[in-house]
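Novice: Next comes the sequence, and after it the predicted model I'd like to discuss.
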Amino acid sequence: MSEKAAVNGQKNFVEKISTFEKIAYGGGDLASNFVLVLTGTFVTFFYTDALGLNAAIVGAIMMFSRLADGFTDIIMGYIMDKTHSKHGKARAWLLWLSIPIGIATILVFLVPNIGVTGKYIYIAITYNLVTTFLYTMINIPYGALTSLMSRDQDQRMIINIFRMFMAQAGSLIINACTLPLVNAMGGSTKQRSWIIVSILYGVVAAALFLLCFAKTKERVRVQAEKNNELGFLTSFKLIIKNNYWLLLVGIWVSMVLGMSMSGSVGTYYAKYILGNENIAGFLGALGIVPVLIIMPLTAPLNRKFGKRNVALYGSFVSIAGQLLMLLNPASAAWLMFCAVIKGIGSATLSGTMFAMIADTIEYGHWKTGTRVEGMLYSSTTFGAKVGAGVGGAVALAVIGAAGYDGLAAVQAPAALEAIKVLYLIVPIPFVIIIPILYACYKLDKIYPKVMEELNQREQKK
(Lines give C-alpha, C1' and ligand atoms only; values in the text may rest on other atoms or scores of the structure.)
Protein backbone atom coordinates (compact mmCIF):
# COMPACT_ATOMS: atom_id res chain seq x y z
CA MET A 1 0.00 0.00 0.00
CA SER A 2 1.24 3.49 0.85
CA GLU A 3 3.98 4.66 3.17
CA LYS A 4 4.39 8.00 4.85
CA ALA A 5 6.92 10.32 3.22
CA ALA A 6 7.62 13.95 2.53
CA VAL A 7 9.50 14.96 -0.59
CA ASN A 8 10.05 18.68 -1.22
CA GLY A 9 6.86 19.38 0.73
CA GLN A 10 4.76 17.98 -2.08
CA LYS A 11 3.36 14.70 -0.80
CA ASN A 12 2.83 12.47 2.19
CA PHE A 13 2.39 9.13 0.46
CA VAL A 14 4.56 7.32 -2.09
CA GLU A 15 2.88 4.80 -4.34
CA LYS A 16 3.88 2.93 -7.49
CA ILE A 17 1.38 2.90 -10.36
CA SER A 18 2.44 1.41 -13.69
CA THR A 19 2.58 3.48 -16.86
CA PHE A 20 0.15 1.11 -18.56
CA GLU A 21 -2.42 1.61 -15.80
CA LYS A 22 -2.12 5.37 -16.24
CA ILE A 23 -2.60 4.97 -20.01
CA ALA A 24 -5.63 2.74 -19.44
CA TYR A 25 -7.10 5.32 -17.08
CA GLY A 26 -6.47 8.07 -19.63
CA GLY A 27 -8.29 5.92 -22.17
CA GLY A 28 -11.47 6.53 -20.18
CA ASP A 29 -11.32 10.27 -20.86
CA LEU A 30 -10.44 9.59 -24.49
CA ALA A 31 -13.66 7.55 -24.63
CA SER A 32 -15.57 10.33 -22.88
CA ASN A 33 -14.45 12.81 -25.51
CA PHE A 34 -15.55 10.59 -28.39
CA VAL A 35 -19.03 10.77 -26.87
CA LEU A 36 -19.01 14.29 -25.45
CA VAL A 37 -17.49 16.23 -28.35
CA LEU A 38 -19.60 14.44 -30.95
CA THR A 39 -22.86 14.90 -29.04
CA GLY A 40 -21.93 18.35 -27.74
CA THR A 41 -19.91 20.32 -30.26
CA PHE A 42 -21.19 18.85 -33.53
CA VAL A 43 -24.69 17.62 -32.78
CA THR A 44 -26.22 21.12 -32.95
CA PHE A 45 -24.81 21.57 -36.44
CA PHE A 46 -26.29 18.17 -37.37
CA TYR A 47 -29.72 19.12 -35.98
CA THR A 48 -29.87 22.49 -37.75
CA ASP A 49 -28.06 21.93 -41.05
CA ALA A 50 -28.70 18.21 -41.73
CA LEU A 51 -32.23 18.00 -40.28
CA GLY A 52 -33.23 21.64 -40.77
CA LEU A 53 -34.52 22.07 -37.20
CA ASN A 54 -34.90 25.38 -35.37
CA ALA A 55 -31.73 26.44 -33.50
CA ALA A 56 -33.62 28.09 -30.62
CA ILE A 57 -35.77 25.00 -29.97
CA VAL A 58 -32.73 22.74 -30.14
CA GLY A 59 -30.96 25.08 -27.71
CA ALA A 60 -33.90 24.95 -25.31
CA ILE A 61 -33.84 21.14 -25.35
CA MET A 62 -30.11 21.17 -24.64
CA MET A 63 -30.45 23.69 -21.83
CA PHE A 64 -33.08 21.55 -20.13
CA SER A 65 -30.83 18.52 -20.60
CA ARG A 66 -27.81 20.27 -19.10
CA LEU A 67 -29.75 21.59 -16.13
CA ALA A 68 -31.17 18.13 -15.47
CA ASP A 69 -27.71 16.68 -16.08
CA GLY A 70 -26.27 18.84 -13.33
CA PHE A 71 -28.74 17.47 -10.80
CA THR A 72 -28.21 13.87 -11.93
CA ASP A 73 -24.49 14.47 -11.41
CA ILE A 74 -25.04 15.15 -7.72
CA ILE A 75 -27.38 12.18 -7.36
CA MET A 76 -24.90 9.93 -9.14
CA GLY A 77 -22.11 11.08 -6.84
CA TYR A 78 -24.21 10.14 -3.85
CA ILE A 79 -25.03 6.74 -5.41
CA MET A 80 -21.35 6.12 -6.14
CA ASP A 81 -20.42 6.85 -2.53
CA LYS A 82 -22.90 4.13 -1.53
CA THR A 83 -21.68 1.62 -4.15
CA HIS A 84 -19.81 -1.45 -2.95
CA SER A 85 -19.11 -4.23 -5.44
CA LYS A 86 -16.35 -6.73 -6.07
CA HIS A 87 -15.03 -4.27 -8.68
CA GLY A 88 -14.98 -1.32 -6.26
CA LYS A 89 -17.18 1.75 -5.98
CA ALA A 90 -16.14 3.50 -9.25
CA ARG A 91 -14.73 0.94 -11.69
CA ALA A 92 -17.90 -1.16 -11.66
CA TRP A 93 -19.83 1.59 -13.44
CA LEU A 94 -17.36 1.53 -16.33
CA LEU A 95 -18.10 -2.15 -16.81
CA TRP A 96 -21.87 -1.80 -16.53
CA LEU A 97 -22.33 1.20 -18.84
CA SER A 98 -19.60 1.09 -21.52
CA ILE A 99 -21.75 -0.71 -24.13
CA PRO A 100 -25.04 1.12 -23.34
CA ILE A 101 -23.42 4.53 -23.81
CA GLY A 102 -21.88 3.45 -27.12
CA ILE A 103 -25.32 2.40 -28.38
CA ALA A 104 -26.99 5.56 -27.08
CA THR A 105 -24.45 7.73 -28.91
CA ILE A 106 -25.55 6.17 -32.19
CA LEU A 107 -29.24 6.62 -31.32
CA VAL A 108 -28.75 10.39 -31.10
CA PHE A 109 -28.15 10.50 -34.87
CA LEU A 110 -30.80 7.93 -35.83
CA VAL A 111 -33.55 10.57 -35.85
CA PRO A 112 -36.52 9.02 -37.73
CA ASN A 113 -38.65 10.90 -40.24
CA ILE A 114 -41.72 11.23 -37.99
CA GLY A 115 -42.61 14.86 -38.57
CA VAL A 116 -41.09 17.98 -37.07
CA THR A 117 -42.73 17.58 -33.64
CA GLY A 118 -41.85 13.91 -33.54
CA LYS A 119 -38.22 14.74 -34.30
CA TYR A 120 -38.03 17.20 -31.42
CA ILE A 121 -39.50 14.60 -29.06
CA TYR A 122 -37.05 11.95 -30.28
CA ILE A 123 -34.15 14.38 -29.85
CA ALA A 124 -35.25 15.27 -26.32
CA ILE A 125 -35.37 11.58 -25.37
CA THR A 126 -32.12 10.38 -26.98
CA TYR A 127 -30.06 13.46 -26.17
CA ASN A 128 -31.08 13.23 -22.51
CA LEU A 129 -30.43 9.48 -22.50
CA VAL A 130 -26.81 10.11 -23.46
CA THR A 131 -25.98 13.33 -21.59
CA THR A 132 -28.34 13.46 -18.61
CA PHE A 133 -28.17 9.79 -17.68
CA LEU A 134 -25.59 7.46 -19.24
CA TYR A 135 -22.71 9.92 -19.61
CA THR A 136 -23.27 11.13 -16.05
CA MET A 137 -23.50 7.59 -14.68
CA ILE A 138 -20.20 6.57 -16.25
CA ASN A 139 -18.24 9.83 -16.10
CA ILE A 140 -18.81 10.71 -12.43
CA PRO A 141 -17.33 7.39 -11.20
CA TYR A 142 -14.58 7.67 -13.82
CA GLY A 143 -13.55 11.13 -12.61
CA ALA A 144 -13.68 10.14 -8.94
CA LEU A 145 -11.49 7.12 -9.71
CA THR A 146 -8.42 9.43 -9.64
CA SER A 147 -8.80 9.88 -5.89
CA LEU A 148 -9.33 6.13 -5.42
CA MET A 149 -6.28 5.00 -7.39
CA SER A 150 -3.77 6.73 -5.08
CA ARG A 151 -3.33 9.22 -2.24
CA ASP A 152 0.15 10.11 -3.50
CA GLN A 153 -0.14 13.75 -4.63
CA ASP A 154 2.64 13.35 -7.19
CA GLN A 155 1.10 10.20 -8.66
CA ARG A 156 -2.28 11.89 -8.86
CA MET A 157 -0.69 14.76 -10.73
CA ILE A 158 0.87 12.35 -13.24
CA ILE A 159 -2.35 10.34 -13.54
CA ASN A 160 -4.16 13.60 -14.28
CA ILE A 161 -1.59 14.49 -16.94
CA PHE A 162 -2.07 11.11 -18.64
CA ARG A 163 -5.82 11.57 -18.42
CA MET A 164 -5.90 15.08 -19.82
CA PHE A 165 -3.29 14.33 -22.49
CA MET A 166 -5.43 11.52 -23.85
CA ALA A 167 -8.60 13.57 -23.44
CA GLN A 168 -7.06 16.35 -25.48
CA ALA A 169 -5.80 13.83 -28.03
CA GLY A 170 -9.35 12.55 -28.40
CA SER A 171 -10.69 16.07 -28.74
CA LEU A 172 -8.01 16.80 -31.35
CA ILE A 173 -8.96 13.73 -33.38
CA ILE A 174 -12.67 14.52 -33.23
CA ASN A 175 -12.33 18.24 -33.93
CA ALA A 176 -9.94 17.70 -36.83
CA CYS A 177 -11.56 14.65 -38.38
CA THR A 178 -15.30 14.71 -37.73
CA LEU A 179 -16.51 17.13 -40.40
CA PRO A 180 -14.02 15.95 -43.05
CA LEU A 181 -15.04 12.36 -42.23
CA VAL A 182 -18.75 13.24 -42.39
CA ASN A 183 -18.21 15.02 -45.70
CA ALA A 184 -16.27 12.03 -47.03
CA MET A 185 -19.23 9.80 -46.16
CA GLY A 186 -21.61 11.90 -48.26
CA GLY A 187 -21.72 15.41 -46.81
CA SER A 188 -22.64 17.25 -43.61
CA THR A 189 -26.22 17.76 -44.81
CA LYS A 190 -26.78 14.00 -45.15
CA GLN A 191 -28.03 12.17 -42.06
CA ARG A 192 -26.55 8.88 -43.25
CA SER A 193 -23.03 10.37 -43.04
CA TRP A 194 -23.52 11.34 -39.41
CA ILE A 195 -24.91 7.91 -38.52
CA ILE A 196 -21.84 6.16 -39.95
CA VAL A 197 -19.48 8.41 -37.97
CA SER A 198 -21.50 7.94 -34.77
CA ILE A 199 -21.25 4.16 -35.11
CA LEU A 200 -17.46 4.43 -35.41
CA TYR A 201 -17.16 6.72 -32.41
CA GLY A 202 -19.62 4.70 -30.29
CA VAL A 203 -17.73 1.44 -30.82
CA VAL A 204 -14.35 3.02 -30.03
CA ALA A 205 -15.71 4.71 -26.89
CA ALA A 206 -17.18 1.45 -25.53
CA ALA A 207 -13.91 -0.41 -26.10
CA LEU A 208 -11.86 2.27 -24.33
CA PHE A 209 -14.18 2.34 -21.31
CA LEU A 210 -13.84 -1.43 -20.99
CA LEU A 211 -10.03 -1.15 -21.19
CA CYS A 212 -10.09 1.47 -18.43
CA PHE A 213 -12.18 -0.83 -16.23
CA ALA A 214 -9.99 -3.88 -16.84
CA LYS A 215 -6.58 -2.30 -16.24
CA THR A 216 -7.10 0.15 -13.36
CA LYS A 217 -7.21 -0.55 -9.63
CA GLU A 218 -8.90 1.10 -6.64
CA ARG A 219 -6.38 1.30 -3.79
CA VAL A 220 -7.97 3.87 -1.46
CA ARG A 221 -10.65 2.57 0.87
CA VAL A 222 -11.39 5.04 3.64
CA GLN A 223 -14.33 5.29 6.08
CA ALA A 224 -16.65 3.04 4.08
CA GLU A 225 -18.81 2.25 7.10
CA LYS A 226 -19.25 5.87 8.18
CA ASN A 227 -20.12 7.02 4.66
CA ASN A 228 -22.90 4.45 4.47
CA GLU A 229 -24.65 6.27 7.32
CA LEU A 230 -24.61 9.70 5.65
CA GLY A 231 -27.81 11.09 4.18
CA PHE A 232 -27.88 13.06 0.94
CA LEU A 233 -28.35 16.47 2.60
CA THR A 234 -25.61 15.75 5.16
CA SER A 235 -23.20 14.85 2.36
CA PHE A 236 -24.10 18.03 0.48
CA LYS A 237 -23.56 20.18 3.57
CA LEU A 238 -20.10 18.64 3.97
CA ILE A 239 -18.96 19.62 0.48
CA ILE A 240 -20.22 23.20 0.88
CA LYS A 241 -17.78 23.59 3.79
CA ASN A 242 -14.88 22.88 1.41
CA ASN A 243 -13.79 26.42 0.43
CA TYR A 244 -11.02 25.35 -1.95
CA TRP A 245 -13.39 23.04 -3.78
CA LEU A 246 -15.81 25.98 -4.17
CA LEU A 247 -13.05 28.02 -5.82
CA LEU A 248 -12.33 25.23 -8.31
CA VAL A 249 -16.04 24.99 -9.12
CA GLY A 250 -16.06 28.71 -9.85
CA ILE A 251 -13.03 28.38 -12.10
CA TRP A 252 -14.48 25.44 -14.00
CA VAL A 253 -17.89 27.09 -14.45
CA SER A 254 -16.28 30.29 -15.74
CA MET A 255 -14.12 28.33 -18.16
CA VAL A 256 -17.03 26.24 -19.41
CA LEU A 257 -19.37 29.21 -19.84
CA GLY A 258 -16.89 31.01 -22.06
CA MET A 259 -16.05 27.88 -24.04
CA SER A 260 -19.67 26.83 -24.51
CA MET A 261 -20.74 30.26 -25.75
CA SER A 262 -18.05 30.37 -28.42
CA GLY A 263 -17.93 26.61 -29.07
CA SER A 264 -21.66 26.41 -29.79
CA VAL A 265 -21.24 28.81 -32.71
CA GLY A 266 -17.72 27.78 -33.76
CA THR A 267 -18.85 25.73 -36.76
CA TYR A 268 -21.26 28.47 -37.82
CA TYR A 269 -18.46 31.06 -37.54
CA ALA A 270 -16.19 28.96 -39.73
CA LYS A 271 -18.92 28.33 -42.31
CA TYR A 272 -20.36 31.82 -42.64
CA ILE A 273 -17.58 34.20 -41.54
CA LEU A 274 -14.46 32.32 -42.66
CA GLY A 275 -16.17 30.60 -45.61
CA ASN A 276 -15.28 26.97 -44.83
CA GLU A 277 -16.98 24.85 -42.17
CA ASN A 278 -14.01 22.45 -42.02
CA ILE A 279 -11.88 25.27 -40.57
CA ALA A 280 -13.80 24.86 -37.30
CA GLY A 281 -12.17 21.49 -36.84
CA PHE A 282 -8.71 22.85 -37.57
CA LEU A 283 -9.20 25.73 -35.12
CA GLY A 284 -10.18 23.23 -32.45
CA ALA A 285 -7.27 20.97 -33.33
CA LEU A 286 -4.71 23.77 -33.27
CA GLY A 287 -5.91 24.76 -29.82
CA ILE A 288 -5.24 21.23 -28.65
CA VAL A 289 -1.80 20.64 -30.23
CA PRO A 290 0.06 22.92 -27.76
CA VAL A 291 -1.83 21.24 -24.92
CA LEU A 292 -0.47 17.86 -26.01
CA ILE A 293 3.06 19.27 -26.29
CA ILE A 294 3.10 21.29 -23.07
CA MET A 295 1.04 19.10 -20.76
CA PRO A 296 3.84 16.56 -20.08
CA LEU A 297 5.99 19.52 -18.99
CA THR A 298 3.45 20.55 -16.36
CA ALA A 299 4.60 17.75 -14.04
CA PRO A 300 8.06 19.26 -13.32
CA LEU A 301 6.56 22.77 -13.37
CA ASN A 302 3.91 21.72 -10.82
CA ARG A 303 6.60 20.21 -8.58
CA LYS A 304 8.71 23.36 -8.71
CA PHE A 305 6.07 26.11 -8.64
CA GLY A 306 2.89 24.38 -7.42
CA LYS A 307 -0.22 23.48 -9.39
CA ARG A 308 -2.06 26.66 -8.52
CA ASN A 309 0.77 28.94 -9.67
CA VAL A 310 1.21 27.09 -12.96
CA ALA A 311 -2.52 27.33 -13.67
CA LEU A 312 -2.64 30.98 -12.63
CA TYR A 313 0.09 32.05 -15.04
CA GLY A 314 -1.42 29.95 -17.80
CA SER A 315 -4.77 31.69 -17.38
CA PHE A 316 -3.14 35.00 -18.33
CA VAL A 317 -1.91 33.40 -21.56
CA SER A 318 -5.47 32.27 -22.31
CA ILE A 319 -6.72 35.82 -21.84
CA ALA A 320 -4.10 37.10 -24.27
CA GLY A 321 -5.09 34.54 -26.89
CA GLN A 322 -8.77 35.52 -26.67
CA LEU A 323 -8.03 39.25 -26.92
CA LEU A 324 -5.67 38.83 -29.87
CA MET A 325 -8.53 37.33 -31.91
CA LEU A 326 -10.09 40.80 -32.09
CA LEU A 327 -7.20 42.17 -34.16
CA ASN A 328 -8.06 40.20 -37.31
CA PRO A 329 -11.24 38.18 -36.74
CA ALA A 330 -11.92 37.46 -40.43
CA SER A 331 -8.54 35.80 -41.02
CA ALA A 332 -8.50 32.04 -40.61
CA ALA A 333 -4.69 32.05 -40.37
CA TRP A 334 -4.73 34.65 -37.58
CA LEU A 335 -7.43 32.80 -35.63
CA MET A 336 -5.37 29.62 -35.94
CA PHE A 337 -2.42 31.47 -34.41
CA CYS A 338 -4.65 32.71 -31.58
CA ALA A 339 -5.94 29.18 -31.07
CA VAL A 340 -2.36 28.04 -30.46
CA ILE A 341 -1.84 30.83 -27.89
CA LYS A 342 -5.05 29.91 -26.08
CA GLY A 343 -4.00 26.26 -26.21
CA ILE A 344 -0.74 27.07 -24.41
CA GLY A 345 -2.70 28.63 -21.57
CA SER A 346 -5.25 25.85 -21.57
CA ALA A 347 -2.51 23.25 -21.12
CA THR A 348 -1.76 24.51 -17.61
CA LEU A 349 -5.43 24.41 -16.60
CA SER A 350 -5.95 20.95 -18.07
CA GLY A 351 -2.75 19.65 -16.50
CA THR A 352 -3.80 20.68 -13.00
CA MET A 353 -7.60 20.82 -12.62
CA PHE A 354 -8.49 17.22 -11.80
CA ALA A 355 -5.42 16.71 -9.62
CA MET A 356 -6.45 19.82 -7.66
CA ILE A 357 -9.98 18.46 -7.28
CA ALA A 358 -8.50 15.23 -5.90
CA ASP A 359 -6.51 17.34 -3.42
CA THR A 360 -9.70 19.06 -2.25
CA ILE A 361 -11.16 15.63 -1.50
CA GLU A 362 -8.35 15.03 1.00
CA TYR A 363 -8.77 18.57 2.32
CA GLY A 364 -12.49 18.02 2.84
CA HIS A 365 -11.76 14.72 4.63
CA TRP A 366 -9.25 16.52 6.87
CA LYS A 367 -11.57 19.46 7.59
CA THR A 368 -14.84 17.58 8.22
CA GLY A 369 -13.62 14.12 9.23
CA THR A 370 -15.62 12.50 6.42
CA ARG A 371 -14.57 11.47 2.92
CA VAL A 372 -17.18 11.97 0.15
CA GLU A 373 -15.28 11.80 -3.15
CA GLY A 374 -18.33 10.93 -5.21
CA MET A 375 -20.36 13.90 -4.03
CA LEU A 376 -17.41 16.29 -4.31
CA TYR A 377 -16.52 15.29 -7.84
CA SER A 378 -20.13 15.12 -9.05
CA SER A 379 -20.98 18.51 -7.58
CA THR A 380 -18.00 19.96 -9.42
CA THR A 381 -19.28 18.67 -12.73
CA PHE A 382 -22.78 19.86 -11.77
CA GLY A 383 -21.61 23.47 -11.99
CA ALA A 384 -19.70 22.85 -15.20
CA LYS A 385 -22.60 21.10 -16.91
CA VAL A 386 -25.14 23.71 -15.89
CA GLY A 387 -22.74 26.33 -17.20
CA ALA A 388 -22.32 24.45 -20.46
CA GLY A 389 -26.07 24.00 -20.81
CA VAL A 390 -26.86 27.62 -20.12
CA GLY A 391 -24.03 28.86 -22.32
CA GLY A 392 -24.89 26.63 -25.26
CA ALA A 393 -28.62 27.27 -24.99
CA VAL A 394 -28.17 31.04 -24.76
CA ALA A 395 -25.87 31.03 -27.78
CA LEU A 396 -28.34 29.04 -29.91
CA ALA A 397 -31.28 31.10 -28.67
CA VAL A 398 -29.47 34.30 -29.62
CA ILE A 399 -28.67 33.23 -33.20
CA GLY A 400 -32.15 31.77 -33.55
CA ALA A 401 -33.73 35.04 -32.41
CA ALA A 402 -31.42 36.88 -34.80
CA GLY A 403 -32.92 34.94 -37.72
CA TYR A 404 -30.52 32.03 -38.27
CA ASP A 405 -31.93 29.36 -40.65
CA GLY A 406 -29.83 26.27 -41.29
CA LEU A 407 -31.52 25.61 -44.63
CA ALA A 408 -31.09 29.14 -45.96
CA ALA A 409 -28.42 29.80 -48.59
CA VAL A 410 -27.71 33.27 -47.17
CA GLN A 411 -28.02 34.17 -43.50
CA ALA A 412 -29.55 37.39 -42.16
CA PRO A 413 -26.99 40.12 -41.25
CA ALA A 414 -28.27 40.11 -37.65
CA ALA A 415 -27.61 36.38 -37.38
CA LEU A 416 -24.06 36.79 -38.68
CA GLU A 417 -23.39 39.63 -36.23
CA ALA A 418 -24.71 37.50 -33.36
CA ILE A 419 -22.36 34.67 -34.34
CA LYS A 420 -19.40 37.08 -34.37
CA VAL A 421 -20.18 38.53 -30.93
CA LEU A 422 -20.71 35.12 -29.35
CA TYR A 423 -17.49 33.73 -30.80
CA LEU A 424 -15.21 36.71 -30.19
CA ILE A 425 -16.53 38.97 -27.40
CA VAL A 426 -18.65 36.95 -24.98
CA PRO A 427 -15.85 34.64 -23.72
CA ILE A 428 -13.65 37.57 -22.59
CA PRO A 429 -15.22 38.32 -19.16
CA PHE A 430 -15.28 34.63 -18.29
CA VAL A 431 -11.56 34.11 -18.95
CA ILE A 432 -10.77 37.23 -16.89
CA ILE A 433 -12.59 35.80 -13.85
CA ILE A 434 -10.40 32.66 -13.80
CA PRO A 435 -7.07 34.15 -12.57
CA ILE A 436 -8.94 36.15 -9.91
CA LEU A 437 -10.27 32.91 -8.43
CA TYR A 438 -6.91 31.12 -8.72
CA ALA A 439 -5.31 33.94 -6.70
CA CYS A 440 -7.48 32.89 -3.73
CA TYR A 441 -6.48 29.20 -3.86
CA LYS A 442 -3.93 28.33 -1.12
CA LEU A 443 -4.29 24.57 -0.69
CA ASP A 444 -0.90 23.69 -2.23
CA LYS A 445 0.82 25.35 0.73
CA ILE A 446 -0.98 23.38 3.44
CA TYR A 447 -1.44 20.05 1.65
CA PRO A 448 1.57 18.32 3.28
CA LYS A 449 0.17 19.23 6.71
CA VAL A 450 -3.28 17.97 5.70
CA MET A 451 -1.93 14.58 4.63
CA GLU A 452 0.32 14.24 7.66
CA GLU A 453 -2.58 14.81 10.04
CA LEU A 454 -4.86 12.47 8.07
CA ASN A 455 -2.23 9.77 8.31
CA GLN A 456 -1.90 10.29 12.06
CA ARG A 457 -5.66 10.03 12.53
CA GLU A 458 -5.87 6.79 10.54
CA GLN A 459 -2.97 5.23 12.47
CA LYS A 460 -4.86 5.85 15.73
CA LYS A 461 -7.89 3.83 14.56
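Specialist: Ah, there it is.
Novice: for the chain, which helix is longest?
Specialist: Among all segments of the chain classified by DSSP state H, the helix with the greatest residue count is helix 153-184.
Novice: which stretches of the chain form strands?
Specialist: 3-4, 13-14 (DSSP state E).
Novice: pLDDT on the first one, on average?
Specialist: By that I understand strand 3-4. Strand 3-4 shows an average pLDDT of 38 in the prediction.
Novice: what does stretch 374-389 give?
Specialist: With pLDDT averaged residue by residue, stretch 374-389 scores 74.
Novice: Also stretch 178-194?
Specialist: When pLDDT is averaged over stretch 178-194, the result is 92.
Novice: rewinding a little: just checking, what packs against the longest helix of the chain?
Specialist: Where contact means 3 or more C-beta pairs under 8 Å, 6 or more residues apart in numbering; DSSP states H and E, helix 153-184 is packed against helix 19-37, helix 136-149, helix 191-215, helix 279-294, helix 298-305, helix 332-350, helix 353-368. Every residue, glycine included, has its C-beta placed from N, CA and C.
Novice: Nearest to I433, out of those helices?
Specialist: helix 332-350 (12.9 Å; C-beta to C-beta).
Novice: The closest one: which residues count as buried?
Specialist: If you call a residue buried by 16 or more other C-beta atoms under 10 Å, then helix 332-350 has these buried ones: 332, 335, 337-350.
Novice: For the residues you listed, which two are the farthest from each other?
Specialist: Distance extremes for the buried residues of helix 332-350: the farthest pair is A332 and T348 at 26.1 Å, using C-beta to C-beta.
Novice: Just give me the neighbour total for A408.
Specialist: For A408, the neighbour count with other C-beta atoms under 10 Å is 11.
Novice: what about it, distance to V116?
Specialist: Shown here: A408 relative to V116, a distance of 17 Å by C-beta to C-beta, to the nearest Å.
Novice: got the contact list for P300?
Specialist: In this structure, P300 makes contact with no residue, judged by C-beta atoms under 8 Å, 6 or more residues apart in numbering.
Novice: what's the spacing between it and M157?
Specialist: Between P300 and M157 the distance is 10 Å, computed by C-beta to C-beta.
Novice: and what of L181?
Specialist: Counting by C-beta to C-beta, the gap from L181 to M157 is 34 Å.
Novice: What values do phi and psi take at E277?
Specialist: The phi/psi pair for E277 (degrees, to the nearest 10) reads phi -60, psi -30.
Novice: Could you find the closest non-adjacent residue to it?
Specialist: Among residues not flanking E277 along the chain, K271 sits closest, at 3.9 Å (C-beta to C-beta, 6 or more residues apart in numbering).
Novice: L437 touches Y244, doesn't it?
Specialist: No. At 10.6 Å, L437 does not count as touching Y244 under the criterion of C-beta atoms under 8 Å.
Novice: In terms of neighbours, single out the busier of those two.
Specialist: More neighbours sit around Y244 than around the other of L437 and Y244, counting by other C-beta under 10 Å; the figures are 22 against 19.
Novice: Next one: that one from A339, what distance?
Specialist: When Y244 is compared with A339 (using C-beta to C-beta), they lie 31 Å apart.
Novice: hang on, isn't V203 packed against I101?
Specialist: No. Between V203 and I101 there is no contact under C-beta under 8 Å: 11.4 Å.
Novice: Poorly predicted segments of this protein, please.
Specialist: 1-14, 222-230, 461 (pLDDT under 70).
Novice: what's the nearest residue to K86 if we skip its chain neighbours?
Specialist: In space, not counting the residues next to it along the chain, K86 is nearest to A92; the distance is 8.0 Å by C-beta to C-beta, 6+ apart.
Novice: Just confirm that neighbour contacts H84, I think it does.
Specialist: No. Assessed by C-beta under 8 Å, A92 is found out of contact with H84, at 9.1 Å.
Novice: okay, these two: which has more neighbours?
Specialist: A92 (18 against 13).
Novice: Now do the same contact list for the spatially closest residue to I103 that is not a sequence neighbour.
Specialist: Spatially, and ignoring its direct neighbours in sequence, I103 is nearest to G202 (6.7 Å; C-beta to C-beta, 6+ apart). By C-beta under 8 Å, 6+ apart, the contact list for G202 reads F34, V35, I101, G102, I103, T105, I106.
Novice: for T83, same thing?
Specialist: For T83, the contacting residues are K89, A90, A92, W93, P141, taking C-beta under 8 Å, 6+ apart as the criterion.
Novice: switch the cut-off to 7 Å
Specialist: Contacts were defined as C-beta atoms under 7 Å, 6 or more residues apart in numbering; by that measure T83 touches K89, A92.
Novice: Just want the phi and psi numbers for it.
Specialist: Per degrees, to the nearest 10, the backbone of T83 is at phi -80, psi 130.
Novice: how near is it to A90?
Specialist: If you go by C-beta to C-beta, the gap between T83 and A90 works out to 8 Å.
Novice: circling back to that earlier point, just the buried residues of the contacts of G202.
Specialist: Buried residues within those, counting neighbours by 16+ other C-beta under 10 Å: F34, V35, I101, G102, T105, I106.
Novice: Closest to T189 out of the residues you listed?
Specialist: Of all the buried ones among the contacts of G202, I106 has the smallest distance to T189: 19.4 Å, by C-beta to C-beta.
Novice: my read: that closest one touches I199, true?
Specialist: Yes. Counting by C-beta atoms under 7 Å, a contact exists between I106 and I199, whose distance comes to 5.4 Å.
Novice: residues contacting P329?
Specialist: If you count contacts by C-beta under 7 Å, 6+ apart, P329 has them with K420, L424.
Novice: Try it again at 6 Å.
Specialist: Taking C-beta atoms under 6 Å, 6 or more residues apart in numbering as the criterion, P329 is in contact with L424.
Novice: try the one 5 residues further on
Specialist: Contact partners of W334, counting by C-beta under 6 Å, 6+ apart, are N328.
Novice: Kindly recompute the last result at 8 Å.
Specialist: Contacts of W334 were listed using C-beta under 8 Å, 6+ apart, and they are M325, L327, N328.
Novice: Repeat that for S98.
Specialist: Going by C-beta under 8 Å, 6+ apart, S98 touches A31, I138, A205, A206, A207, F209, L210, F213.
Novice: Alright, I will stop here.
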